[in-house]
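>>> need a structure here:
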Amino acid sequence: MIEEFKPLLDAIIGNPWGLRKDGKLVAGEVRRGKRIQIGKFTLIYHGNLPPETIKTLNYLFEAMAHCEEHQRNSVALEKIREVVVKLSSSVGWKETLKVLLKTIKSLISGKFLSIFLVNRREKTIYSILSLGYEKTERELLHLKIGKGLVGWVIEKGKPLIIRDVRKEARYFEIKKETRSELVVPIRVGRKIIGAINVEDTRIGSYTEREVKLLEAFASIAGVVIERARLYRSLLEHRLTIKELEVARKIQSHFLPKKTPRFKGFKIYGRTYPARRVGGDYYNFFRRGRDSLLFILADVSGKGIPAALLTSFLHSAMVIFKDERSLITLAEKLNQLVYSQTEANQFITGILGEIRRDGNLEYVNFGHNYPILITDKKATMVEGSDLVMGIKPYADYSLRRLVLPPGSALYLYTDGAVEENCGGQEFGTENLMRIIEENWENPPVVVRSIISEMNQRCGRERDDDITILGIVHAGN
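Numbering: from 1, shown residues only. Now for the predicted structure:
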């Protein structure tokens, strides 16, 4: 990455120069001379650099850091895609976890790695797979719940970064060489079933970026382990695996377990699965105190293929949720979906951000139009762009709304309007009427829609129904 910027640095600095990072010369030739710290780099040069040049170099090094970060993220998502492909194949669960652990090692600095599971009956934690440990050391990877850093993470359900384990009272020593450690929980729904642990011989190897990456892999590990558990359970009862049951487990694993709190707003989402599991997905991601990122999407197809694509979309959201530009985020998601899907697979949806002042921005990629409530009246907000996964590059438009106190926005998947009711669709008119009647209370809106649909169309669904409501209630 630095080599690509070398001609530009030559032109700006003018004289021979050298660039050091982490105590090593990484570019240029000069090893001795005047020094100036710019970000993570130390610039060594001869002559004089005016303030304007130093300011330009600051901008350039910031751009270099961003390029390096995007490159790492692209590599990480490609590795995640490869693991998801393994997951969808007939490869055994242990083999898939081995691939997952080796992938983590290639992306995150670490000498010793392990995947732990919980035995609730015995109140213990044990390693099912590890890298870097001797045989005698692996025998020590069996702890009581609450003991050691892994035990603490499983008990509390929170990720943990330790910069220097020698200063950490909770640390349970197995490798004397270990200095820094990162642990994240593995979840299936609300239940914590284990943890992934990474240790390194250097101090301070891990940051929040590594936490996000490891959490994405922990989500995949949860799917692999849960699928294996279901398979074993079904075999014990002499049953065959049904695609519906596995897909439903995978799909529900990535849906939010509770509604986020966002001061001044009532926010609520709910999915009602159909007989044949589809790929409805929604989620929320905090972006500081005053901003909330949200997504509602509908993956084409049914069963395990749709559920696995949903899991890939969720992992991509976890990685890129801090991308400030919604357009850039949508473009990255589209490129990844295109690289992952077959020709007949795609995703429609709405990706948006709501701020505390009521300003709302969103990207509509081929999805049903949102329903806006202003002055207690419901209207459709028209406008959408290309669905994700059809083309490698797509142009997306940023659409803006203002939600003052006393207004609301409702998003929904096509199951909410296309349900077959005696030869006729339930329809957008019925949906808008129910929302208009109950708009101030999103849970009531959802229950009323389902209740009327049950009366008109029966209780069995042809497609999943997902509804997300954002109400600006004011202070």
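>>> which parts of the stretch 301-450 of the chain are helices?
Using DSSP state H, counting those that start in this stretch, the helices found in the stretch 301-450 of the chain span residues 303-320, 326-340, 415-418, 428-438, 442-457.
>>> no, scratch that, I was asking about the stretch 151-300 of the chain
208-236, 243-253.
>>> need the least confident one among those helices, by mean pLDDT.
For the helices of the stretch 151-300 of the chain, mean pLDDT drops lowest on helix 243-253, to a mean of 60.
>>> show me what contacts Ile470?
Ile470 is in contact with 265-267, 294, 354, 360, 403, 408-410, counting by C-beta atoms under 8 Å, 6 or more residues apart in numbering. To be clear about C-beta, it is placed using only N, CA and C from the backbone, and glycine gets the same treatment.
>>> again, only this time at 6 Å
For Ile470, the contact set (C-beta atoms under 6 Å, 6 or more residues apart in numbering) comprises 267, 354, 409.
>>> in TSV: the helices of the stretch 301-450 of the chain, plus mean pLDDT and distance to Ser397.
Below are these laid out as TSV (pLDDT from 0 to 100; distance: least, C-beta to C-beta, whole Å):
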stretch	mean pLDDT	distance to Ser397
helix 303-320	79	19
helix 326-340	89	8
helix 415-418	90	23
helix 428-438	95	22
helix 442-457	92	27
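>>> so Gly28 sits against Gly18, correct?
Yes: the pair Gly28 / Gly18 is scored as a contact, 3.9 Å apart, by C-beta atoms under 6 Å.
>>> quick one: furthest residue from the center of the protein?
Largest separation from the mean C-alpha position in the chain: Gly47, at 47.9 Å (C-alpha atoms, centre = their mean).
>>> with adjacent residues omitted, what lies nearest to that one?
Among residues not flanking Gly47 along the chain, Asn15 sits closest, at 4.7 Å (C-beta to C-beta, 6 or more residues apart in numbering).
>>> what's the burial count for the one you found?
By the measure other C-beta atoms under 10 Å, the count of residues near Asn15 is 12.
>>> repeat that for Lys158.
By the criterion of other C-beta under 10 Å, Lys158 has 12 neighbours.
>>> tell me how far the closest residue to it other than its chain neighbours lies from Leu411.
Leaving aside its chain neighbours, Lys158 sits nearest to Pro185 (7.3 Å; criterion: C-beta to C-beta, 6+ apart). For Pro185, the distance to Leu411 equals 30 Å [C-beta to C-beta, to the nearest Å].
>>> A helix includes the residue farthest from the centre of the chain, no?
No: secondary structure of Gly47 (DSSP: H, G, I helix; E, B strand; the rest coil): coil, not part of a helix.
>>> hang on, the earlier thing: part of a helix, is the residue nearest to Gly47?
No: counting by three-state DSSP, Asn15 is not part of a helix but coil.
>>> give me the pLDDT value at it.
On the pLDDT scale, Asn15 is placed at 79.
>>> which residue would you name as the spatial centre of this structure?
Short answer for the chain (C-alpha atoms, centre = their mean): Val318, at 1.7 Å.
>>> low-confidence stretches in the stretch 1-150 of the chain?
Low-confidence segments of the stretch 1-150 of the chain (pLDDT under 70): 1-5, 63, 65-92.
>>> can you give me the strands for it?
Ranges of strands in the stretch 1-150 of the chain, per DSSP state E, counting those that start in this stretch, are 17-21, 24-28, 34-38, 41-45, 112-119, 124-131, 142-144.
>>> same thing with the stretch 251-400 of the chain?
265-272, 279-286, 291-299, 347-355, 359-365, 371-374, 377-380, 399-402.
>>> residues in contact with the last one: which ones?
Residues outside strand 399-402 that contact it (C-beta under 6 Å, 6+ apart) are 358-362, 383.
>>> that one - what's its average pLDDT?
According to the model, strand 399-402 has a mean pLDDT of 96.
>>> partner strands of it, with direction?
strand 359-365 (antiparallel) (DSSP bridges).
>>> buried set for the strand it pairs with?
Residues of strand 359-365 classed as buried by neighbour count (16 or more other C-beta atoms under 10 Å): 360-365.
>>> pLDDT of that strand, averaged?
Mean pLDDT, strand 359-365: 96.
>>> quick one, it and helix 326-340 angle?
Put simply, strand 359-365 runs at 20 degrees to helix 326-340, going by axes from the mean of the first three to the mean of the last three C-alpha atoms, to 10 degrees.
>>> number of nearby residues for Val118?
When neighbours are defined as other C-beta under 10 Å, Val118 has 21 of them.
>>> residue contacts, it?
Here Val118 is in contact with 125, 154, 193-194 (C-beta under 6 Å, 6+ apart).
>>> which of these fall in strands?
125, 193-194 (DSSP state E).
>>> could those go into a markdown table alongside neighbour count and distance to Arg461?
Shown next, in a markdown table, are those (neighbours: other C-beta atoms under 10 Å; distance: C-beta to C-beta, whole Å):
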| residue | neighbour count | distance to Arg461 |
| --- | --- | --- |
| Ile125 | 24 | 40 |
| Ile193 | 19 | 30 |
| Gly194 | 25 | 34 |
